[in-house]
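Asker: the sequence and its predicted three-dimensional model are supplied below.
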Amino acid sequence: MDKTTHEVRLNRWRQIIDQCQSRPEGQTAKQWLAENHISSKSYYYWLRKIRRQAYEQAAGEIQVPEQKAINSAVLPKEQPQIAFAEIPFQVNVGSSSESVFRPTAVIKIENASVAFSNSVSDRLLSGVIREVIRHA
């Protein structure tokens, strides 16, 4: 399949996905797909492709050009799955203010928040931001 054909199909599926996403309230995606004679397998296949493309574009916009060159040369093609674990942090009440964590940046989405200090590594920060964008 040539690039033009792929772009035409991609744009057509973007329209279909937009229409399904803006279906009447109370109507399920399954019902909408059946009414419009669209295969659910095809719909979710293209939805995945479009979301992946949007994620890759967003992840590329976050990095500065120098980081892109470094990351493409050093990192493997497939990124490993990132797992999150709660790390207990103990604050001694009554001690000096140096032992109290004061975040430099906080990312909040709905009920979750992640706080960072100035000493966070670029790689960790980049990984967290990519995961936040992917799951937003």
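Answerer: Structure received. Numbering: from 1, shown residues only.
Asker: host element of the closest residue to Ser40 other than its chain neighbours?
Answerer: Sequence neighbours aside, Leu33 is the residue nearest to Ser40 in space, at 5.3 Å (criterion: C-beta to C-beta, 6 or more residues apart in numbering). C-betas here are computed from N, CA, C, even on glycine. Following DSSP states H and E, one finds Leu33 within helix 29-35.
Asker: so what does that helix touch, helix or strand wise?
Answerer: Contacts defined by 3 or more C-beta pairs under 8 Å, 6 or more residues apart in numbering; DSSP states H and E place helix 29-35 against helix 3-21, helix 40-62.
Asker: circling back: for the residue nearest to Ser40, list the residues it contacts.
Answerer: Taking C-beta atoms under 8 Å, 6 or more residues apart in numbering, we find Leu33 in contact with 20, 39-40, 43.
Asker: one more pass at 10 Å, please.
Answerer: Neighbouring residues of Leu33 by C-beta atoms under 10 Å, 6 or more residues apart in numbering: 16, 20, 23, 39-44.
Asker: distance to Glu7 and neighbour count added to those residues, as JSON lines?
Answerer: As requested, the contacts of Leu33 are exported to JSON lines (distance: C-beta to C-beta, whole Å; neighbours: other C-beta atoms under 10 Å):
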{"residue": "Ile16", "distance to Glu7": "15", "neighbour count": "18"}
{"residue": "Cys20", "distance to Glu7": "20", "neighbour count": "16"}
{"residue": "Arg23", "distance to Glu7": "25", "neighbour count": "15"}
{"residue": "Ser39", "distance to Glu7": "21", "neighbour count": "10"}
{"residue": "Ser40", "distance to Glu7": "24", "neighbour count": "11"}
{"residue": "Lys41", "distance to Glu7": "22", "neighbour count": "9"}
{"residue": "Ser42", "distance to Glu7": "17", "neighbour count": "12"}
{"residue": "Tyr43", "distance to Glu7": "19", "neighbour count": "19"}
{"residue": "Tyr44", "distance to Glu7": "21", "neighbour count": "13"}
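Asker: what's the most distant pair in those residues?
Answerer: Arg23 and Lys41 (18.5 Å; C-beta to C-beta).
Asker: after the lowest-mean-pLDDT helix or strand in the chain, which helix or strand is next?
Answerer: Lowest on mean pLDDT, DSSP states H and E among the helices and strands of the chain sits helix 65-74, with a mean of 50. Per DSSP H and E, the first helix or strand lying C-terminal to helix 65-74 is strand 105-109.
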